[in-house]
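*Asks:* Need coordinates for the below:
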Amino acid sequence: MRRRRILLLVHEGLEPPASIEGLSSQEMAPFKAEYDVRVTLEELGHDVRVLGLGDELGPLRDAITEFEPHVAFNMLVHFRGLANMDAHVISYLELRRLAYTGVNPRGLVLANDKALSKKILAYHRIRVPGFAVFRKGRRAKRPAKLGFPLIVKGATEHASLGIAQASIVYSDEELAQRVDLIQRTVCPEAIAEEYIEGRELTVSVMGNERLETGPVWELSFDNLPAGSEPIATRKVKWDHAYQERIGLRSGPAAELESDVAARLEKLAKRIYKILGLSGYARVDLRMRPDGVPFVLEANPNPDLSFGEDFAESMEKRGYSYPQLVEKLVSLGERHAANGPG
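*Replies:* Numbering: from 1, shown residues only. Below is the predicted model of the structure:
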């Protein structure tokens with residue numbers, strides 16, 4: 001293994017501490033992925049410099065000039081507080097001819113826009129929920145063909161920001177109220193999509209041209225309160241005490257026929273290619289009780305924490321956590337060698 005200078009790009013304020021001794025899992029949660037990656041890169045023998053990036057590119061320019069990194073390990077999920085702006089940071093890395101891990105700028109633009117990605121997938125005859133986009137300042141008028149229930153989200157946000165049980169709406173009044181809330185507190189555009197009852201599944205994908213997948217993964221709940229729907233809300237994703245109360249489980253999908261799993265893995269690879277992704281991503285699906293899958297979205301650069309879904313699923317394919325981190329660095333270098341995309 002070649003020792004490299006690696007610039008670890010994280011959000012300002014999420015620079016991992018030197019030690020996590022004495023910290024609870026809840027206290028560690030905001031920067032756990034950053035800490036896990038930094039420590040692993042150092043243990044692999046790389047020279048790592050952490051850069052907490054805020055709302056200016058000047059510090060990034062200076063770090064590249066001074067440190068002369070071989071690779072930027074990208075852990076940004078937004079820029080200037082906007083989820084659809086991280087693509088421009090990666091474009092800057094390409095202008096500087098610096099290799100980087102994860103998804104390329106075009107893939108970030110397509111995947112981060114829930115409506116645009118659904119349109120593209122639908123064009124390729126991939127089944128997606130029906131949807132409508134509501135822009136700020138316009139009345140939330142539901143198309144007649146879009147029936148209830150619907151689930152309302154930010155059109156360009158991820159990490160379940162703004163998603164709660166109340167996101168599922170059953171009337172035009174509820175729709176208007178939820179759209180207004182999303183537009184005021186999450187992002188200017190809200191998307192309302194057909195709520196698909198069924199199993200919450202994901203498939204992790206890694207690679208550039210040659211793709212690998214983890215096994216089909218499932219999010220399930222043992223003690224969900226009566227009247228609640230099994231969806232990955234913000235609270236489900238980030239509140240550890242709540243996760244324990246509802247009996248949250250995440251792991252290989254149980255009782256899934258091998259041919260069905262193979263089809264879903266093949267579908268995830270196809271989506272990855274259609275959206276022009278690179279590095280690594282996670283495809284989220286809902287599968288109805290009749291076995292019909294609907295693609296919700298492709299998540300570029302998903303959580304890389306040790307013990308979380310992406311790393312766990314790839315471990316099932318034979319990648320230890322250090323091997324996974326090293327693989328992502330290698331994929332970033334190969335992508336750069338083949339030219340920006």
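
*Asks:* rest of the way, CA atoms for contacts and neighbours
*Replies:* Fine.

*Asks:* Show me the strands in the stretch 1-150 of the chain, by range?
*Replies:* 5-11, 47-53, 71-74, 99-100, 131-135, 150-154 (DSSP state E, counting those that start in this stretch).

*Asks:* And the contacts of stretch 205-224?
*Replies:* By CA atoms under 8 Å, 6 or more residues apart in numbering, the residues outside stretch 205-224 that reach it are 199-204, 230, 232, 245-254, 261, 264-265, 268-269, 272, 277-283, 309-310, 313-317, 331, 335.

*Asks:* average model confidence for stretch 23-43?
*Replies:* Confidence over stretch 23-43 (mean pLDDT, whole number) is 93.

*Asks:* what comes up buried for it?
*Replies:* 29, 31-41 (16 or more other CA atoms under 10 Å).

*Asks:* distance between that stretch and the chain's centre?
*Replies:* Average the C-alpha atoms of stretch 23-43, do the same for its chain, and the two points are 18 Å apart (CA atoms, centre = their mean, to the nearest Å).

*Asks:* Buried residues in stretch 305-315, which are they?
*Replies:* Judged by neighbour count using 16+ other CA under 10 Å, the buried positions of stretch 305-315 are 305-306, 309-315.

*Asks:* do stretch 128-144 as well
*Replies:* Counting neighbours by 16+ other CA under 10 Å, stretch 128-144 gives 128-136, 140, 142 as buried.

*Asks:* tell me the two of the residues you listed that are most distant?
*Replies:* Distance extremes for the buried residues of stretch 128-144: the farthest pair is 128 and 136 at 24.0 Å, using CA to CA.

*Asks:* so after the helix or strand bottoming out on mean pLDDT in the chain, what's the next helix or strand?
*Replies:* When the helices and strands of the chain are compared on mean pLDDT, DSSP states H and E, helix 234-238 comes out lowest with a mean of 77. Tracing the chain C-terminally past helix 234-238 and defining elements by DSSP states H and E, one meets helix 240-245 next.

*Asks:* hmm, who's touching that next one?
*Replies:* 25-26, 223, 235-237.

*Asks:* With respect to residue 118, which of those residues is nearest?
*Replies:* Using CA to CA, residue 237 comes nearest to residue 118 of those, at 23.3 Å.

*Asks:* List the buried residues in stretch 140-157.
*Replies:* So stretch 140-157, judged by 16+ other CA under 10 Å, has buried residues 140, 142, 147, 149-157.

*Asks:* One more: stretch 295-308?
*Replies:* Buried residues in stretch 295-308, defined by neighbour count with 16+ other CA under 10 Å: 295-306.

*Asks:* before we move on, what about stretch 211-224?
*Replies:* 211-221.

*Asks:* As CSV, could you dump the C-alpha coordinates of it?
*Replies:* Output of stretch 211-224 as CSV, limited to C-alpha atoms (Å, rounded to 0.1, in the frame of the first residue of the first chain):
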residue,chain,number,x,y,z
LEU,A,211,-19.6,-2.1,-9.6
GLU,A,212,-20.1,-4.1,-6.4
THR,A,213,-23.1,-4.2,-4.1
GLY,A,214,-23.7,-5.1,-0.6
PRO,A,215,-26.6,-7.5,0.2
VAL,A,216,-30.1,-6.1,0.2
TRP,A,217,-30.5,-4.3,3.6
GLU,A,218,-33.7,-3.7,5.5
LEU,A,219,-34.8,-1.2,8.2
SER,A,220,-37.4,-2.8,10.5
PHE,A,221,-39.1,-1.9,13.8
ASP,A,222,-40.1,-4.2,16.6
ASN,A,223,-42.0,-1.7,18.9
LEU,A,224,-43.3,1.0,16.6
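
*Asks:* what's the distance between residue 316 and residue 328?
*Replies:* As defined by CA to CA, to the nearest Å, residue 316 lies at a distance of 17 Å from residue 328.

*Asks:* In terms of neighbours, single out the busier of those two.
*Replies:* The residue with the greater number of neighbours, taking residue 316 and residue 328 and applying other CA atoms under 10 Å, is residue 328; the counts read 19 against 13.

*Asks:* follow-up on the earlier one: using TSV, lay out the buried residues of stretch 211-224 together with pLDDT and secondary structure.
*Replies:* Written out in TSV, the entries for the buried residues of stretch 211-224 read as follows (pLDDT from 0 to 100; DSSP: H, G, I helix; E, B strand; the rest coil):
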residue	pLDDT	secondary structure
211	98	strand
212	98	strand
213	98	strand
214	97	coil
215	97	coil
216	97	coil
217	96	strand
218	95	strand
219	90	strand
220	89	strand
221	86	strand
